Each structure stands twice: as C-alpha cells, then as structure tokens.
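**Student:** Fold the following, please.
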Amino acid sequence: MSEFYRLRRTTIKDVSGYAGFIIGFFGSAPFAWPYLVAQAEDGDFTRGVWHFLLIIGAGAIVCAGIGLVFGAGIGWVWERLHRLRRGDSPVSEVARPPHRGEAALPQTKRQGGDGAPPLGPEQLVGRRLDSVTFRTDTIELGFGGPFVRLHSHPTITTGGVRHRLSETGGRDALCALIGATVDRMDLTPGRTIQVHFADGSSLSIPISTPDGADPVAAQVVPGVSATVVVW
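**Tutor:** Okay, here's the model as predicted:
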C-alpha cells in the first residue's frame with residue numbers, strides 16, 4: 001500500500017474509532033444510570049459510581065472497537081473507489097501530434113538489445129502510474145513494468161492547484177497520481193516535459209536550467225537489461 005492511501009485509510013479508521021468511543025460513552029449512560037440510583041438508594045453510593053463507570057467504560061471500548069473495524073472497511077472501499085475513478089477513462093495508446101506552438105517530444109534512434117527501438121517518453125501514453133518510490137536523490141515512477149527515474153523535482157497540478165515537490169504536501173500530491181493513466185505528453189518551449197493524465201492532473205518535469213544547460217532530468221527504464229532513454 002502506498003503512503004498516500006495508508007495515511008488516509010489510517011485517518012478514516014481513527015476518526016471512526018473515536019466517533020464510536022464517544023457514541024458508546026454517552027449512549028451507555030442511560031443504561032448505567034439505574035444502577036447508580038439503585039445503589040445510592042441502598043446507601044452504597046461509591047459502589048454505584050463504580051458500576052456506572054464500568055458500564056459506560058465498557059460500552060465506550062466496545063463501540064470504539066466496532067468503529068475501528070467499520071472505519072477500516074470504509075477506508076478499504078474508499079481506496080478501491082478512488083483507484084477505480086482515477087483509471088476508468090480510456091485513452092489512446094498512440095501519442096498525438098504536438099499542438100501548434102509545441103515542440104515535439106524528444107525521440108531516440110538507439111536500438112534495444114533485440115533490435116527494437118527502446119521505450120521513449122511518447123510510448124508512456126496509455127500506461128497507468130502504479131507506484132511512486134522516493135530514493136536519496138531520485139524519484140521513480142512505475143508504469144506497470146517500465147519506470148521513469150526523475151533527477152529533478154517535478155511540479156504536480158491536481159484540481160487546479162500546483163504543488164512543488166519540495167513544499168509541504170508535495171509528496172502527497174505526487175502519490176495521489178497513483179492509478180492515473182497518461183493521456184498525453186508535451187515538450188513546452190520552456191524546455192519542460194508536461195505529462196497530462198486522463199483525470200485532468202498533470203506533472204511538469206524541468207529538463208533545462210536557467211543558464212541553458214541540459215542536465216539529465218529523467219530516464220525511462222523499460223526493464224532489466226534494456227536500453228535506458230535519457231530525457
């Protein structure tokens with residue numbers, strides 16, 4: 001389970017458990033009250049208080065446990081629906097031509113070990129992002145076998161909000177793309193690769209520096225013993 005889903009499912013479960021505790025605590029009070037009144041009338045008020053606390057405490061703990069189980073189920077259903085919603089839009093397996101004013105995506109003429117052209121960035125169109133791995137100085141995006149190794153910090157746009165990876169919430173925003181399918185990829189005049197997903201979110205990968213140098217921004221790794229394509 002990715003960090004994105006794990007954190008949210010844990011929050012859902014904890015909130016549900018806390019709500020169950022509150023409901024059980026106050027909901028069991030009417031059942032415990034008669035015991036308190038009866039013991040008070042018999043002159044043993046202390047015993048009545050202990051019975052009262054024991055009943056409402058037990059009710060709160062039982063309901064909290066039920067809430068945790070219920071919250072875990074809600075979290076599981078939410079994750080499945082979220083993954084399904086992010087990946088239910090069919091897209092073309094062939095990259096479209098660039099729009100007017102856009103540069104073509106970087107291509108490679110190098111050949112793989114079997115004589116076939118290696119996997120280029122345009123061939124990620126139609127693939128679903130299924131994993132995000134944070135390493136010491138790189139980030140790896142898995143696409144069901146092939147993966148992209150990022151050497152620069154991308155910018156993530158979801159719901160019209162831009163998130164920088166180095167800022168708070170940036171990693172969560174990147175993990176939120178898991179399950180999304182690549183719709184198209186563009187190379188902007190500012191030397192940035194734009195990865196557009198079918199759900200409207202996007203990933204911007206800078207491939208040039210302000211001084212015009214072209215560092216290695218990302219690598220497409222088709223698989224084991226395959227040619228690595230450098231962006």
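**Student:** Please count neighbours and contacts with C-alpha atoms only from this point.
**Tutor:** OK.
**Student:** and G179, how many residues sit next to it?
**Tutor:** G179 has 22 neighbouring residues, counting by other Cα atoms under 10 Å.
**Student:** scratch that, R127
**Tutor:** 22.
**Student:** which residues touch it?
**Tutor:** Contacts for R127 were tallied using Cα atoms under 8 Å, 6 or more residues apart in numbering; they are E93, F143, G144, T181, V182.
**Student:** Inside strands: which ones of the residues you listed?
**Tutor:** Of the contacts of R127, the ones assigned to strands by DSSP state E are V182.
**Student:** Would you write a ChimeraX line that selects the buried entries of the contacts of R127?
**Tutor:** Only the buried entries of these go into this ChimeraX selection, using 16 or more other Cα atoms under 10 Å:
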select :143,181,182
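**Student:** tell me which of the contacts of R127 is nearest to G75?
**Tutor:** Checking the contacts of R127 against G75 with Cα to Cα, the nearest one is T181 at 22.6 Å.
**Student:** All the strands of the protein, residue numbers only.
**Tutor:** Secondary structure of the chain (DSSP E): strands at 131-134, 139-142, 147-150, 155-158, 161-164, 182-188, 192-197, 202-206, 218-221, 229-230.
**Student:** would you list those in a markdown table and tack on mean pLDDT and distance to H82?
**Tutor:** Supplementary listing: these in a markdown table, determined by pLDDT from 0 to 100; distance: least, Cα to Cα, whole Å:
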| stretch | mean pLDDT | distance to H82 |
| --- | --- | --- |
| strand 131-134 | 88 | 15 |
| strand 139-142 | 87 | 18 |
| strand 147-150 | 82 | 22 |
| strand 155-158 | 89 | 14 |
| strand 161-164 | 88 | 19 |
| strand 182-188 | 81 | 17 |
| strand 192-197 | 85 | 15 |
| strand 202-206 | 86 | 17 |
| strand 218-221 | 68 | 27 |
| strand 229-230 | 49 | 32 |
